[in-house]
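3D, please:
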Amino acid sequence: MHIKNNIFFILLIAFAACQNNSTMNNTSNTDSTKNDADTTTQLIPSAKDFQSTIDEKQTDLYVLKNGNMQVAITNYGARIVSIIVPDKNGNPTDVSVGYDAVKPYSEGGDTYFGAIVGRYGNRIAKGKFKLDEKEYTLATNNAPNHLHGGNKGFSRVVWDAQPQNDSTLILTYLSKDGEEGYPGNLTSKVIYTVLSNNKLKIDYEATTDKNTVLNLTNHTYFNLNGQGSETILNHAVMINADRYTPVDSTLIPTGKFEAVKGTPLDFRTPTAIGIRVNDTSNQQVKFGHGYDHNFVLNTKGNLNEKAAEVISDQSGIVMDVYTKEPGLQFYVGNFMNGSHTIKGGKKDDYRTAFCMETQHYPDSPNQPNFPTTELKPGQQYQTTTIYAFTVNR
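So this is what the prediction gives:
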């Protein structure tokens, strides 16, 4: 009897040990998954720091997810705050520059970090254009020219947010007739969607009740090694463009189209940003203080054809750009100077981020040989841009 009891007791201990070991293994796996989730979560600012009242409207932070990609967006300026994708080792990496709270976006000068800019992205010469024989006067907030919609463009208003599901957010804004000098009541809609395979799609739509001009774009600053990870000069860039629109000393297009061949602006094959960015023997580089130019895309609005590609030098992250737009403004942080504290307590130092703004050409309302940016009543403005992220291992 005692022998049977002892055997039973030994078997009970062995069973408990196996169960305990199994539980420990499950806990370890759970902890590993939890740690990955925690790492991603730590890269996204707290929503409460984006919950405020601006112009009597509520602001907030919205997080879109699909697979292992997450995108944080605030309805203040319809801005992308974070884009988190895995690097070559599978580590979550935030590749977009932004702030930890809404307050830095709304106060002081506008950095345009992650913003939707409009009504007219880029510049309009001397803040004037004619439409239907009437001249319109806009703010010259980038003297002597108008830039990104004026003193209070779309980047500094609160958009109405409508989350659709875990991966889609719709933002709308009514810009009233005369706002920032533009004609017409304009209703704009921006739809952010995180697609499978680490793609961010941005759809733009708009209608107007009066003839107006419109050029919407997104102004995200990227660093594919992770925001705040020092220089982007070793990133390799390909832009699918044989021509660009040269500018004068105030960065207004001359109206001409010139070949990139034989110039520092030739990115038809992947080329490190830093190789020619300081070649001030080239007048265009001198005028732009580096690269700040509109490229005439060969894609001709074909969303299935790659417009540009950027390859990181450390993280292995690759970003491809697809767009229906005819142009792309390539800017390499020439005016970043470390005066702003971005996420994680880091600084926006000189040339630590780049922008790829898909767009119509700068100053199109004053350039008859450029594709038109006029929008009329009864017409539907619609365009799409996709940023697709992969890795080189």
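
Give me the phi and psi for the closest residue to P365 other than its chain neighbours.
Spatially, and ignoring its direct neighbours in sequence, P365 is nearest to F129 (3.7 Å; Cβ to Cβ, 6 or more residues apart in numbering). Backbone N, C-alpha and C define where each C-beta goes, glycine included. Backbone geometry at F129, expressed as degrees, to the nearest 10, gives phi -160, psi 160.

Low-confidence stretches in the chain?
For the chain, applying pLDDT under 70 flags the ranges 1-41.

what about the helices in it?
Listed in chain order, the helices of the chain (DSSP state H) span residues 2-43, 103-106, 283-288.

sorry, back to before: burial count for the residue nearest to P365?
Counted with other Cβ atoms under 10 Å, residues neighbouring F129 total 23.

Kindly report the same for E56.
E56 - counted by other Cβ under 10 Å - has 6 other residues nearby.

cool, and V102?
Neighbour count for V102, taken as other Cβ under 10 Å: 24.

and it, what does it touch?
Under the criterion of Cβ atoms under 8 Å, 6 or more residues apart in numbering, the contact list for V102 reads D49, F50, Q51, S52, I54, T59, L61, T74, Y76.

For Q70, see how far away T207 is.
From T207 over to Q70 the distance is 31 Å, taken as Cβ to Cβ, to the nearest Å.

now swap in G150 and tell me
For G150, the distance to Q70 (Cβ to Cβ) stands at 32 Å.

again, but for I273
Taking Cβ to Cβ, one finds I273 at 27 Å from Q70.

Same check on I275?
Distance, I275 to Q70, using Cβ to Cβ: 33 Å.

Between these two, which is the more surrounded one?
Q70 (22 against 12).

Could you verify my assumption that the more buried one touches I44?
Yes. Q70 lies in contact with I44 (Cβ atoms under 8 Å); the separation is 6.7 Å.

what's the overlap in contacts for these two?
V63, S82, I84.

Next, count neighbours for the last one.
So that's I84. The tally of other residues near I84 (other Cβ under 10 Å) stands at 24.

Was I right to think it contacts P92?
Yes. Using Cβ under 8 Å, I84 is in contact with P92, at 5.1 Å.

check contacts around N215.
Counted by Cβ under 8 Å, 6+ apart, N215 has contacts G118, R119, Y120, G121, N122, Q359, H360, S364, T373.

which two from the residues you listed end up farthest apart in space?
Spatial extent of the contacts of N215 (Cβ to Cβ) is set by the pair G118 and S364 at 13.5 Å.

so the nearest residue to Y192 once chain neighbours are set aside bridges to which residues?
Leaving aside its sequence neighbours, Y192 sits nearest to L169 (Cβ to Cβ, 6+ apart; 4.8 Å). Going by DSSP bridges, L169 is paired in beta bridges with P163, Y192.

Give the burial count for N337, as a bare number.
Look at N337: counted by other Cβ under 10 Å, it has 11 neighbours.

measure it to D349 for me?
From N337 to D349 the distance is 8 Å (Cβ to Cβ).

Equivalent analysis for T269, please.
Applying Cβ to Cβ to T269 and D349 gives a distance of 28 Å.

can you pull up the bridge partners for K134?
Bridge pairing for K134 - DSSP bridges - gives L131.

and it, how many neighbours does it have?
9.

For stretch 113-123, measure first residue to last.
Using Cα to Cα, to the nearest Å, the span of stretch 113-123 from its first residue to its last is 17 Å.

try stretch 252-271
End-to-end distance of stretch 252-271: 26 Å, with Cα to Cα as the criterion.

Now it: buried residues?
Within stretch 252-271, the residues scored as buried using 16 or more other Cβ atoms under 10 Å are I252, P253, V260, T263, P264, L265, D266, F267, T271.

same deal with stretch 385-393?
T385, I386, Y387, A388, F389, T390, V391.

among those, which are in strands?
Among those, the members falling in strands are T385, I386, Y387, A388, F389, T390, V391 (criterion: DSSP state E).

got those residues as TSV, with distance to R243 columns?
Shown next, in TSV, are those (distance: Cβ to Cβ, whole Å):
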residue	distance to R243
T385	20
I386	23
Y387	23
A388	24
F389	28
T390	28
V391	31
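
residue contacts, the closest residue to G226 other than its chain neighbours?
Of all residues not flanking G226 in the chain, T93 sits nearest, at 4.8 Å (Cβ to Cβ, 6+ apart). By Cβ under 8 Å, 6+ apart, the contact list for T93 reads L43, I84, V85, P86, D87, N225, G226, S315, I317.

Tell me who's in contact with C355.
Contacts for C355 (Cβ under 8 Å, 6+ apart) come out as H219, T220, Y221, F222, Q329, F330, Y331, V332, G333.

Any idea what it is bridged to?
For C355, the beta-bridge partners under DSSP bridges are Y331.

I'd say R351 and G290 touch.
Yes. With contact defined as Cβ under 8 Å, R351 counts as touching G290 (7.4 Å).

list the residues that contact both of these two?
Residues touching both R351 and G290 (Cβ under 8 Å, 6+ apart): V277, V332, N334.

Closest to G301 out of the residues you listed?
Of all the shared contacts of R351 and G290, G301 sits closest to V332, with 25.4 Å by Cβ to Cβ.
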